[in-house]
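S.K.: Any chance you can model this:
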Amino acid sequence: MHQPRQIVVATDFSDPAEVAVDRAIEWARHFDAALHITHVFALPVPAIGVYDFAIPESGIREAREAALKRLEQAAEKAVKAGVRTHTHLVSTPTETGISEVAREVGADLIVVGTHGHTGLKHVLLGSVAERVVRHAPCSVMVVRHED
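M.R.: Numbering: from 1, shown residues only. The predicted structure is shown next:
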């Protein structure tokens, strides 16, 4: 097995993402790899335009600060486990943002969680994990969250 040196883990701070972060920390520790914890900060801009409603700049700033704080909390957990850790907050579509970080850091592996939606829910919501796989410059490990 190829030993990863740079691992990117994507998080949206959901339960499935937390499982993926925990698994990525384990792998980074096992392989002595650097871990890049990545969050895509995306606001639904098209929906805003439809309703002619603008989110106040202060609301965007507060949401961004909250995301940075959550990233730092995840990083602290990784550092406590003895893992070299970096955080990335990107503002592009999720699948391309994760792939861009992976390219920038020369990632050998991307780790993402999945909600495991099937059927109509999957059709309506799509799968971020599937889109990441399609755009990824390296292997992708999809970690399933068991309910």
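
S.K.: Mind listing residues that contact the lengthiest helix in the chain?
M.R.: Among the elements of type helix in the chain, defined by DSSP state H, the one spanning the most residues is helix 57-80. With Cβ atoms under 8 Å, 6 or more residues apart in numbering as the test, helix 57-80 has contacts from 11, 13, 21, 25, 28, 35, 37, 39, 41, 43, 85-89. In this view, the C-beta of every residue, glycine as well, is placed from N, C-alpha and C.

S.K.: Closest to Thr114 out of the residues you listed?
M.R.: Nearest to Thr114 among the contacts of helix 57-80: Thr11, at 12.6 Å, using Cβ to Cβ.

S.K.: Leaving out chain neighbours, which residue sits closest to that closest one?
M.R.: Computed as Cβ to Cβ, 6 or more residues apart in numbering, the closest residue to Thr11 that is not its neighbour in sequence is Ala17, at 4.1 Å.

S.K.: On the three-state scheme, the one you found is what?
M.R.: Of the three states, Ala17 takes helix under DSSP: H, G, I helix; E, B strand; the rest coil.

S.K.: do Ala107 as well
M.R.: Under the three-state scheme (three-state DSSP), Ala107 adopts coil.

S.K.: residue contacts, it?
M.R.: 4, 6-8, 36, 101, 137-138.

S.K.: Tell me which entries of the residues you listed lie within strands.
M.R.: Using DSSP state E, 6-8, 36 are the members of the contacts of Ala107 that sit in strands.

S.K.: Just want the most central residue of the protein.
M.R.: For the chain, Ala10 is the residue whose C-alpha lies nearest the centre (Cα atoms, centre = their mean; 1.6 Å).
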